[in-house]
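Student: after the sequence you'll find the predicted model.
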Amino acid sequence: MDLENRLRHSRLDKVINLFRSIPFVILLALIYPITRFIVGTTIGMNAALVPLTIGFAPFFARQIQNALLEVDEGIIEAAKSMGSSPLEILIYVYLKEGLPAIIRASAVSIISLIGLTAMAGAIGAGGLGSLAINIGYNGFKNDVAVMSTLIILLFVFITQWICNFLIKKVSH
């Protein structure tokens with residue numbers, strides 16, 4: 001598109017690749033000074049939001065980029081030749097034609113986020129991950145760990161079902 005900025009894209013691409021390649025558990029430890037600066041603590045639900053955001057945003061950005069790259073170049077060229085503005089191409093071509101792929105990418109991202117939030121339980125963020133680790137694993141109560149895992153899996157299955165339903169609705 002006419003608004004392309006190769007230098008900015010190259011720099012942002014490298015930053016995204018950097019943060020995507022750091023395992024989440026290590027990211028938790030690496031950015032604890034930033035977390036402490038932003039929320040005043042490194043333990044708890046609020047503290048988990050900082051590494052979750054830093055870990056999730058690049059992953060989601062890459063998923064959306066890949067979804068938009070699936071849009072047929074021929075449709076984009078046709079819109080340009082008919083005099084569509086860059087904003088119109090973005091809204092009526094990229095977003096409309098790429099919507100099923102965007103929903104698929106969002107499903108993968110949401111499911112990944114569910115897994116990350118479960119891991120955030122390791123730093124006292126609460127939730128099912130914390131329950132599975134602290135009471136189930138550390139407390140030698142396998143039934144609690146199994147039930148926590150089953151509930152997390154239920155969230156994943158429901159998320160995937162909703163996204164599959166939406167994809168069927170918007171596909172043409």
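Tutor: The structure has been received and is ready for your questions.
Student: and stretch 109-119, C-alpha only, in PDB?
Tutor: Extracted in PDB, the C-alpha atoms of stretch 109-119 (Å, rounded to 0.1, in the frame of the first residue of the first chain):
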ATOM      1  CA  SER A 109      -4.000 -15.900  20.300                       C
ATOM      2  CA  ILE A 110      -6.800 -16.100  22.900                       C
ATOM      3  CA  ILE A 111      -6.000 -19.800  23.500                       C
ATOM      4  CA  SER A 112      -2.300 -18.900  23.900                       C
ATOM      5  CA  LEU A 113      -3.300 -16.100  26.400                       C
ATOM      6  CA  ILE A 114      -5.300 -18.700  28.400                       C
ATOM      7  CA  GLY A 115      -2.100 -20.700  28.700                       C
ATOM      8  CA  LEU A 116       0.000 -17.700  29.600                       C
ATOM      9  CA  THR A 117      -2.500 -16.600  32.300                       C
ATOM     10  CA  ALA A 118      -2.300 -20.100  33.800                       C
ATOM     11  CA  MET A 119       1.500 -19.800  33.900                       C
END
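Student: can you pull out the residues in contact with it?
Tutor: Applying C-beta atoms under 8 Å, 6 or more residues apart in numbering, the contact partners of stretch 109-119 are 24-25, 28, 48, 52, 55-56, 59-60, 63, 125, 127-129, 132, 152, 155-156, 159-160, 163. For the C-beta atoms, the positions are set from N, CA and C on the backbone; glycine is no exception.
Student: what distance separates that stretch from the centre of its chain?
Tutor: The chain centre lies 8 Å from the centre of stretch 109-119; the measure is C-alpha atoms, centre = their mean, to the nearest Å.
Student: what residues does the strand or helix carrying Ala29 touch?
Tutor: When elements are assigned from DSSP states H and E, Ala29 belongs to helix 24-30. Applying C-beta under 8 Å, 6+ apart, the contact partners of helix 24-30 are Phe19, Ile22, Pro51, Ile54, Gly55, Leu116, Met119, Ala120, Ala122, Ile123.
Student: which of the residues you listed are buried?
Tutor: The neighbour count (16 or more other C-beta atoms under 10 Å) marks Phe19, Ile22, Pro51, Ile54, Gly55, Leu116, Met119, Ala120, Ile123 as buried among the contacts of helix 24-30.
Student: out of those, list just those in helices.
Tutor: Using DSSP state H, the members of the buried ones among the contacts of helix 24-30 that fall within helices are Phe19, Pro51, Ile54, Gly55, Leu116, Met119, Ala120.
Student: my read is that the second one contacts Ile31, right?
Tutor: Yes - under the criterion of C-beta atoms under 8 Å, Pro51 lies in contact with Ile31, with a separation of 5.7 Å.
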